[in-house]
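Participant: Make a model of this:
(one chain, ligands or ions: 2)
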Amino acid sequence: MSYDYVLETRDVKKVFPGVVALDGISLKFRSGAVHSLMGENGAGKSTLMKILSGMYKPTEGEMLYKGVETVFEEPVESIRLGISMIHQELSPVPHRSVMENVWLGREPLIKPTPFVDHKKMYDDTKKLLDDLELSIDPRTIMAELTVAKMQMVEIAKAVSYNSEVVIMDEPTSSLTKKEVEHLFKIIRRLKDQGKAIIYISHKMDEIFAISDEVSVLRDGKFVGSYDAKDLNTDKLISLMVGRELNDLFPKVQCPITDVKLKVENLSSAGAFENVCFEVRKGEIVGFAGLVGAGRTEVMETIFGMRKKSAGTVSIDGKTVDIKTPESAIKHRLALLTEDRRQSGIFPMLDVKDNMVMAVIDKYRNSFMKLLNHKQIRSDCNEYKNKINVKTPSLEQKIMNLSGGNQQKVLVARWLLTDPEILILDEPTRGIDVGAKAEIHALITNLAAKGKAIILVSSELPEILGMSDKIVVMCEGKITGMIDRKDATQEGIMKYATMSS
Ligand SMILES: Nc1ncnc2c1ncn2[C@@H]1O[C@H](COP(=O)(O)OP(=O)(O)OP(=O)(O)O)[C@@H](O)[C@H]1O
Ligand SMILES: [Mg+2]
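Facilitator: Ligands and ions are numbered 1, 2, ... in the order given. Model prediction:
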């Protein structure tokens, strides 16, 4: 049978209670091409992919696979037919090995017995990983891998199905530049083998590096499909947000006054050593460096989540001894962690509870310890509007929000603690361009109110656009301090790769 498009959606609509997630989407995917899907947080990208992979059924509309109308009752059917997906939320079985995760539910058996053929499973996994040039031992327990490696295993798993269509929903959110290049090599190879790749990312440079075609969704509606070479960043952004965005880094100069936080010779054995820096009121200090440079560990130590082996931290000129996050919050510190899925979100709780979690006691009256629900609602609403969280209500379970909107709820959680010192570790990861600008504006306003801010980011434009001063780390040490006026990408990269 001949067909022009391996996969096609016609007028697909998906309604959740209170939300029209997709409203009449018609898209066509070609074999041997990379088709990217762009759109703001909550635009409907993941929902559409979940329909293509049989996790959701469309409310209306149809889907054609190889020219034939197809309905998937469950994900295994789509996989069997040749569509595999790497999800935005990874869900490995942590205590099982890499090879067990790859072949879960379809383990090779020693025929005619019902026993798993571990040798074959090992050999097949080894070959698969070797083939993709991934140096991971198939016997490693999943939980022992870094998030990036887990992501690579997911990718290997998707490849192992030998699918016609491979869907990748933000596969690079926790990969380093080098790992992204590796992934792109794999994608190009799949493309050469005639596979159709559907790719979702908020990173513009990736979209232009890898795509043949780009389709844009906005608020569940189809905006258009374009040849990648007919687009550029500005054009793509305006298609996504429906307006011009000219100020991505709305930094304003505000007075920088007294030293708020001072860190002296701080060390944590095995992670980093001799870290010294200070942050003044009204100042944004950017932390740059390659993934693994030790920046997150420094922040965790300041926040009492990790034991220090030497050094002092002082706030307002007084030495403090912060050993737990609770004590950090009492000292008016806030830390937005980098790894939100594991340490941030409570999926079964609603948006409101996720937001007020860190300050819940503030809402109890002194007498009966009853919660002031009215105040909680009004505070949550205020922040929901401030950073534009897209949710039908505050009572929505957070797991039903799009990835980027979950992220915004966590930003709100920390703002609600009314901190004096705000540590933001990759605050805009997974966040679309429009919302990024909103969060940047918020950070700037907080600085203008005299808050001391630390911004850890792997995105150099964000660091350069937002920071008054930039601290660069490499292999657990500070290798450079650059003033805003002297900062360049090249300068930062030089320090970031300068091990002593
Ligand atoms: N299971 C669900 N129940 C209720 N609403 C949902 C569910 N899944 C998604 N939604 C809603 O559908 C809309 C589209 O969400 P989706 O996850 O597809 O967005 P996205 O484009 O992938 O965004 P992001 O870039 O943030 O990942 C959002 O408003 C979201 O809240
Ligand atoms: Mg998504």
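Participant: what kind of secondary structure is residue 27 in?
Facilitator: Secondary structure assignment for residue 27 (DSSP: H, G, I helix; E, B strand; the rest coil): strand.
Participant: burial count for the nearest residue to it once chain neighbours are set aside?
Facilitator: Nearest non-adjacent residue to residue 27, counting by CB to CB, 6 or more residues apart in numbering: residue 9, 5.1 Å away. (Glycine included, C-beta is placed from N, CA and C.) Other residues lying near residue 9 total 21 when counted by other CB atoms under 10 Å.
Participant: what's the answer for residue 61, then?
Facilitator: So residue 61, with other CB under 10 Å, has 17 neighbours.
Participant: From residue 356, how far out is the residue lying closest to residue 370 once chain neighbours are set aside?
Facilitator: In space, and not counting its chain neighbours, residue 370 is closest to residue 364: 6.6 Å by CB to CB, 6+ apart. Residue 364 sits 11 Å away from residue 356, going by CB to CB, to the nearest Å.
Participant: How about the helix or strand encompassing the residue nearest to residue 27, which residues are buried there?
Facilitator: Using DSSP states H and E, residue 9 sits within strand 7-16. Within strand 7-16, the residues scored as buried using 16 or more other CB atoms under 10 Å are 7-10, 12-14.
Participant: Then stretch 393-406?
Facilitator: Buried-residue list, stretch 393-406, by 16+ other CB under 10 Å: 394, 396, 398, 400-406.
Participant: Is that stretch positioned near ligand 1?
Facilitator: Yes: for stretch 393-406, a contact with ligand 1 is found by CB under 6 Å from any ligand atom, at 400-405.
Participant: In the residues you listed, find the pair that's most separated.
Facilitator: Within these, 400 and 404 form the most distant pair, 13.4 Å apart (CB to CB).
Participant: Close to ligand 2: what parts of this structure are there?
Facilitator: Counting by CB under 5 Å from the ion, the chain comes close to ligand 2 at 46, 88, 402-403.
Participant: Can you lay out the residues you listed as TSV showing secondary structure and pLDDT?
Facilitator: Putting the residues of the chain next to ligand 2 into TSV (DSSP: H, G, I helix; E, B strand; the rest coil; pLDDT from 0 to 100) gives the following:
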residue	secondary structure	pLDDT
46	helix	94
88	coil	73
402	coil	87
403	helix	81
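Participant: quick one: which two of the residues you listed are the most distant?
Facilitator: 88 and 402 (8.7 Å).
Participant: what sits in contact with each of those two?
Facilitator: Common contact partners of residue 88 and residue 402 (CB atoms under 8 Å, 6 or more residues apart in numbering): residue 46.
Participant: for this structure, what are the low-confidence residue spans?
Facilitator: Across the chain, the ranges flagged by pLDDT under 70 are 1, 90, 243-248, 338-343, 499-500.
Participant: residue closest to the middle of it?
Facilitator: Nearest to the mean C-alpha position of the chain, by CA atoms, centre = their mean, lies residue 430 at 3.8 Å.
Participant: Give me every residue in the stretch 51-200 of the chain lying close to ligand 1.
Facilitator: residue 88.
Participant: Identify the residues contacting the residue in the stretch 351-500 of the chain that ligand 2 sits nearest to.
Facilitator: Closest approach between the stretch 351-500 of the chain and ligand 2, counting by CB to the ion: residue 403, at 4.4 Å. Counting by CB under 8 Å, 6+ apart, residue 403 makes contact with 41, 46, 88-89, 170, 430.
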